[in-house]
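> Generate coordinates for the sequence data below:
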Amino acid sequence: MAAATVRRSPYKDFLQPALQRRFATASLVVLAIAYVQALFFASWRSYFWSWFPIGPTGFRAITLFFGGILIVILRISQYHPGLRTSDSGFQTFLNYTLKWNTLETLFAYTASATLFGFVYLWSLDEDAGLEFVTYYTGDRARLNEKPLYLLSHLALLGVYETITHLVRDTDRLALGAARPQNGGAAGKEDGDPSVQLRRFRDRLPSVLAYAINHSLLGILFNTFVYPMFVRPCVWRTSLAFLRPIYNLPRSSNLPSSMPFFSASIVFRAFISGLMITFAWAAANTAFSLFLAKQPIKNGKPLTSDSRDPNGSLLNGLKNKKLSIKCFAIWELALIARDFPDRRKAIYEDIDRKDGPMWSQVYKICTDILKTLETNMDAYTAAPPQPEPAPTVEPATEEKQRTIDPPRDDDIFQPVPQSKGLRGQAEKAATQTVLAPGQGSPLRPAAKRAVETAKQRLVDLQKEATGTGDQPGLLRDKALSLLQSPIGWPFRQHYRRRVARGVLGGPYGEPNLYANAAYALGGLAAHSLREDKYGHVQRDVATLVRTLTGLARRLDAFRAELPVHWTDVEAERDCPEVDEVRSALRDALRSLVEAFGPYARDLRLSLADMRLAREAAGLVETEKEMVEVKGRGRRSLVWFGRINMAHLRTELYCTV
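The predicted model follows:
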């Protein structure tokens, strides 16, 4: 009877429930903020009904919660790990603006702002004077522009927040890395929800400062934008919608007065804008904090509850979706650093269908790291030349010639030369027609005329600009434009170009490569004590050479990549690539320190170890230690010489 096979659960069966719990936590934070704002809107005429959840305050809180949850739903539908890689901001604008995600973002923020505006107007007293229709001189109704301005102000804030959301790439989920210096206790602490709540509480002052800043800027911008562009459309649309309901005038002309510029309305616009912007920023911050937690549940890796933990982890490592693969690699790096039981399970799992667990993990992680070299080669490769279209000549049979071919002799009879200017002109014209490109008597004169015209243009340019260098003038104008804020999107910064060349596109997650390096280094280093079968040591030499080659290739790429002429700042700095380089250095350092005494047994030559130490940054440390020891020895020799001289002096005086 065949043995029962153990079902291997996919990795997403463990990741999706964890993400849903984190989404629920972020939603509770949004609900708490909505309830606090509902308390702010309460009239407090009745102490009980002003805070009791089942009543007007609860209804307002639920309505405001719908507006905030739109942002969280937007983040769920559009979140992605990795940064957007492109050479310039203008290229990013071209790649991502005309997409459906941009319209979704605009709809989410404007709908949330409009819903908040209606709740705010509904919560105000009648004395505020913000009804949509007011009555004067009897029963004559007229449209009140003050609430229209308030709603338009909030909707425009939604447009500004959409632009900020897209420019800052708020949809990016910044995942972490299992750095060795953090230690195991830190990793388990990061999985605690209370830690994330404390971090969110610590960020609330910065969120409030952000909301105040954007609300003030919104007031300043809308002071000019609303009267010039938005007011006519909003006025006519509101009249068309409310005229069938109320007895409004037939005229659609704008009123000459602008009552929405009163101090009370501007203050209310600022307060309402501050509250909605704070809700947006808090929702985004809560989502980014809670969903980017480590893949740990109850102090253990996510796949620990699986019937086949290694199989589920392999399923995540082989997944083609970038987000799932990033979480799986992160969990593997945490296992290599903090969980000895899971490490031993990886070493001892040798009876898998596709090979031992370590062999599969080794291949997956090295393939991820080798894509760095592939990206660099593709970025520095010359663009392919277009192949010429093949020309198919019609197959024609060569016919036998029956007469002689035409001769190449000059068929024109020589014209008698005439003297004087007319003769020279005729000769020049004939020579130009019959033998173009040959010299003629008129050519020097034409040259002199052209040179005179060019010199005249240069003189005019000098009088106008003070310089006659046209290329230099254009270059100076371009550089002055690039140095201004208008030219910022067109700069090809060194940081952006290095990130695109190393991490690839359209998204590049540096922690994917960092965690792959940490996982390989940690598993290989701990195998000295925990791998009782000795499978890992067979791949240590190849792993050391691979990491050394990648580190050297990365350093060479950064050193050889020139600064683009549009990069006026010329700062050769890229923190994203520095994170990958630091991970390669740490992994190499752990391998060299663990397997250095056994290098000859692993068939690692002296050159391999020397290059590995240089790539890991251990050569400088060894040199410093040698220099310190040398200084100590020189001090001892110097001290000994002084003592010997003193002893000779004493002996001479005694004698």
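> Tell me how far the host helix or strand of V540 lies from the chain's centre.
Secondary structure from DSSP states H and E places V540 in helix 540-560. Chain-centre distance of helix 540-560: 25 Å, with Cα atoms, centre = their mean, to the nearest Å.
> buried sites along that helix?
Neighbour-count burial for helix 540-560 flags V540, A541, L543, V544, T546, L547, T548, L550, A551, L554, F557, R558 (criterion: 16 or more other Cβ atoms under 10 Å). All C-beta atoms are positioned from the backbone trio N, CA, C, and that covers glycine.
> Would you mind measuring from the fifth one to L369?
What that stands for is T546. As defined by Cβ to Cβ, to the nearest Å, T546 lies at a distance of 7 Å from L369.
> Quick one: classify P383 as helix, strand or coil.
Per DSSP: H, G, I helix; E, B strand; the rest coil, the secondary structure class of P383 is coil.
> Could you check how many residues crowd around it?
5 (other Cβ atoms under 10 Å).
> Please report how far it lies from Q91.
16 Å.
> Ok, A541 next?
42 Å.
> Equivalent analysis for G522, please.
Counting by Cβ to Cβ - G522 and Q91 are separated by 38 Å.
> got it, and L28?
On the measure of Cβ to Cβ, L28 and Q91 end up 39 Å apart.
> Could you check which of those two is surrounded by more residues?
Q91 (17 against 12).
> so who does G501 touch?
Counting by Cβ atoms under 8 Å, 6 or more residues apart in numbering, G501 touches N375, M376, Y379, T380, F557, L561.
> Identify the residues contacting D349.
N310, P356, M357, W358.
> Could you give the number of residues near the nearest residue to F490 once chain neighbours are set aside?
Nearest residue to F490, sequence neighbours excluded (Cβ to Cβ, 6 or more residues apart in numbering): F90, at 5.3 Å. By the criterion of other Cβ under 10 Å, F90 has 15 neighbours.
> and for the helix or strand harbouring F90, what are the contacting residues?
Using DSSP H and E, F90 falls within helix 89-96. The contact list for helix 89-96 (Cβ under 8 Å, 6+ apart) reads R84, S86, T102, L166, W488, P489, F490, R491, P506.
> Mind doing that once more with 7 Å?
Helix 89-96 is touched from outside by R84, S86, W488, P489, F490, with contacts defined as Cβ atoms under 7 Å, 6 or more residues apart in numbering.
> Just to be sure, which of those are found in strands?
R84 (DSSP state E).
> Export the contacts of helix 89-96 as TSV, with columns for distance to R496 and pLDDT.
Shown next, in TSV, are the contacts of helix 89-96 (distance: Cβ to Cβ, whole Å; pLDDT from 0 to 100):
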residue	distance to R496	pLDDT
R84	9	91
S86	7	90
W488	12	85
P489	11	87
F490	12	89
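> Selecting buried members of the contacts of helix 89-96 in PyMOL, what would you type?
Command for PyMOL that selects the buried part of these, burial taken from 16+ other Cβ under 10 Å:
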select buried, resi 84+86
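> Throw the contacts of helix 89-96 into CSV and include distance to F270, thanks.
Below are these laid out as CSV (distance: Cβ to Cβ, whole Å):
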residue, distance to F270
R84, 33
S86, 36
W488, 29
P489, 30
F490, 35
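> quick one: which of the contacts of helix 89-96 is nearest S215?
W488 (24.5 Å; Cβ to Cβ).
> From V568, how far out is the closest one?
W488 is 10 Å from V568, by Cβ to Cβ.
> what does A283 give?
Counting by Cβ to Cβ, the gap from A283 to V568 is 37 Å.
> Looking at the two, which is more packed in?
Using other Cβ under 10 Å as the criterion, A283 and V568 rank with A283 on top: 26 against 17.
> residues touching that one, list them.
So A283 contacts V30, G68, I71, V72 (Cβ under 7 Å, 6+ apart).
> which of the residues you listed are buried?
V30, G68, I71, V72.
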